[in-house]
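# structure here, sequence nowhere to be found:
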């Protein structure tokens, strides 16, 4: 065999780093929606409203509420559910502060000023759920009013920012395809 006939073993392409959880579970599904023809504006509105609904200071209604809003506004239900459920940690973290602020707004700030999960459990154990309902209904109403007021600018901000981001991603994907 001559030196010109020696075979060079094929070089394997470098291994791609593993994709992160955030990339696999959040970014890729949203990018897939852009690829299927969902407009950047509708996707930005879907994610913005999903985030807002995911932060509502009332447990147990986010899934139904986000699906109803998505269907009513003809938005992507799956994308809204994704955004809503990604906010669960923040919803739980903000629940007590929202209730405290809501109680202050509704004139019951002194009754729930030192509200904690442990004090709620103790109240349930000693006096039952009705006592919690009586204590918290005005605080919940105030929390919902504060949430509604805070979410209007949040949704507007998210819509404006995400619309630009999704347009750029879509334009970048179009360049890659060509």
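Here it is on my side, so go on. Everything numeric in this text was worked out from a predicted model, so none of it was measured.
# the nearest residue to residue 158 once chain neighbours are set aside is in what secondary structure piece?
When the adjacent residues along the chain are set aside, residue 158 lies closest to residue 48, with 3.7 Å between them (CB to CB, 6 or more residues apart in numbering). The way it works is simple: take the backbone N, C-alpha and C, and place the C-beta from them, glycine included. Per DSSP states H and E: residue 48 is located in helix 40-54.
# list the buried residues in that helix.
For helix 40-54, burial by neighbour count (16 or more other CB atoms under 10 Å) applies to 40, 42-54.
# tell me the angle whatever helix or strand comes next after that helix makes with helix 40-54.
Sequence-wise, the next helix or strand downstream of helix 40-54 (DSSP H and E) is helix 62-72. Relative orientation of helix 62-72 and helix 40-54, computed by axes from the mean of the first three to the mean of the last three CA atoms, to 10 degrees: 150 degrees.
# by contact count, what packs against the helix or strand that comes right after helix 62-72?
Downstream of helix 62-72, the next assigned helix or strand under DSSP H and E is helix 77-86. With contacts taken as 3 or more CB pairs under 8 Å, 6 or more residues apart in numbering; DSSP states H and E, helix 77-86 sits against helix 28-35, helix 40-54, helix 62-72.
# off-centre distance for the shortest one?
Right, helix 28-35. 16 Å (CA atoms, centre = their mean, to the nearest Å).
# circling back: out of the buried residues of helix 40-54, who's nearest residue 174?
Proximity of the buried residues of helix 40-54 to residue 174 (CB to CB) peaks at residue 40, which lies at 12.0 Å.
# how near is the residue lying closest to that closest one once chain neighbours are set aside to residue 93?
In this structure, residue 40 finds its nearest non-sequential neighbour in residue 166, 3.5 Å apart by CB to CB, 6+ apart. Residue 166 is 27 Å from residue 93, where distance means CB to CB, to the nearest Å.
# so these two - more neighbours on which side?
Between residue 166 and residue 93, residue 166 has the larger neighbour count (other CB atoms under 10 Å), namely 22 against 11.
# I'd like the mean pLDDT over stretch 165-178, please.
For stretch 165-178, the mean per-residue pLDDT is 80.
# show me which residues of that stretch are buried.
Buried residues in stretch 165-178 (16+ other CB under 10 Å): 166, 169, 170.
# what do you get for stretch 50-69?
Neighbour-count burial for stretch 50-69 [16+ other CB under 10 Å]: 50-57, 62, 65-67, 69.
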